[in-house]
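Engineer: Dropping the sequence and predicted coords here.
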Amino acid sequence: MRFARSLGYLGVTITWFIVFALTVAVAFCFWVVPPGPISTQQGILDKLQDPKDWVSGLVLVYLILPWVWGFVHLLVLMALGPLLLAALAFWRSLKPGYAHEKLTGSVLRSDAAGISPSGVAISLLPKRHTPYSLWVTRLNARAWLLDGSWYLGLAWLGFAHFLLLGWLRWPIHNPFLIALSIVLALGFVVLAVRRLPVGWRRLRLDAVDGETPVLVNGAEA
């Protein structure tokens, strides 16, 4: 029975690792595609012959895609949380001290990201709590339970992402533009650092050993 449980958690861990790897690949795809400097890509240069194309390209890269990448960053965290929880459950399933207890539980939440009208199950929640398990549980819940401050912080990271991407992948050689890109990117990182803790604190976690944690979204922790 213990072997079957461990095997099941191992399968879940591998599945979420694959999902996590795919989301990371999407998040950083523009760092390797297309190969080589973007400024030497003839297809891209052909599309930028008209000044209007330059303007629309800048709007796309520096105003639209950063907001989309805020969502992509969220997807990375939505895969990382279950991966860490599944790995924790797998590790505990191998230890004799956990052999006779239920390791994880689930809660159905109407405020979780998803398309089901009846709500989305937040699963793999540990029933025995340590500082690490509580941190991972909070990380997972913060990714899946919608919060404007948390998403805004991830979007600010998206702006920093594309500013650095433009500098290093085009690449930019003008010292003034390099300095401007760095200063603006650092500014967006500061904005992210200010917003992400707000979203983090707006999730309260009530945990008692042997019970599934209670997640309270939108309240100061």
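Structural biologist: Alright, I've got the coordinates.
Engineer: most centrally placed residue in the protein?
Structural biologist: Leu77 (2.6 Å; Cα atoms, centre = their mean).
Engineer: Kindly state the pLDDT recorded for the closest residue to that residue other than its chain neighbours?
Structural biologist: Nearest-residue entry for Leu77: Ala143, 3.8 Å, with adjacent residues in sequence omitted and distances by Cβ to Cβ, 6 or more residues apart in numbering. All C-beta spots, glycine's among them, are computed from the backbone N, C-alpha and C. Looking at Ala143, its pLDDT is 92.
Engineer: on that earlier part again, any idea how far the residue nearest to the centre of the chain is from Tyr98?
Structural biologist: When distance is defined by Cβ to Cβ, to the nearest Å, Leu77 is 27 Å away from Tyr98.
Engineer: try Asn140
Structural biologist: Distance from Asn140 to Tyr98, counting by Cβ to Cβ: 20 Å.
Engineer: higher neighbour count, these two?
Structural biologist: Asn140 (24 against 17; other Cβ atoms under 10 Å).
Engineer: so what's that one closest to, chain neighbours aside?
Structural biologist: Gly81 (2.7 Å).
Engineer: host element of the one you found?
Structural biologist: helix 65-93 (DSSP states H and E).
Engineer: Pull the distance from whichever helix or strand comes after that helix to the chain's centre.
Structural biologist: For helix 65-93, the following helix or strand on the C-terminal side (DSSP H and E) is strand 104-109. Centroid displacement of strand 104-109 relative to its chain, using Cα atoms, centre = their mean, to the nearest Å, is 20 Å.
Engineer: where exactly do the helices run in the chain?
Structural biologist: Along the chain, counting by DSSP state H, helices occupy 2-27, 42-47, 51-59, 65-93, 131-144, 148-169, 175-201.
Engineer: Just put those helices in TSV and tack on distance to Val107.
Structural biologist: Putting the helices of the chain into TSV (distance: least, Cβ to Cβ, whole Å) gives the following:
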stretch	distance to Val107
helix 2-27	17
helix 42-47	47
helix 51-59	41
helix 65-93	13
helix 131-144	9
helix 148-169	19
helix 175-201	19
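Engineer: Among those helices, show the one with the smallest mean pLDDT.
Structural biologist: The weakest mean pLDDT among the helices of the chain belongs to helix 42-47, with a mean of 60.
Engineer: what about Met32, how many neighbours?
Structural biologist: If you look again at residue 32, you'll see it is Val, not Met. Considering only other Cβ under 10 Å, Val32 is surrounded by 10 other residues.
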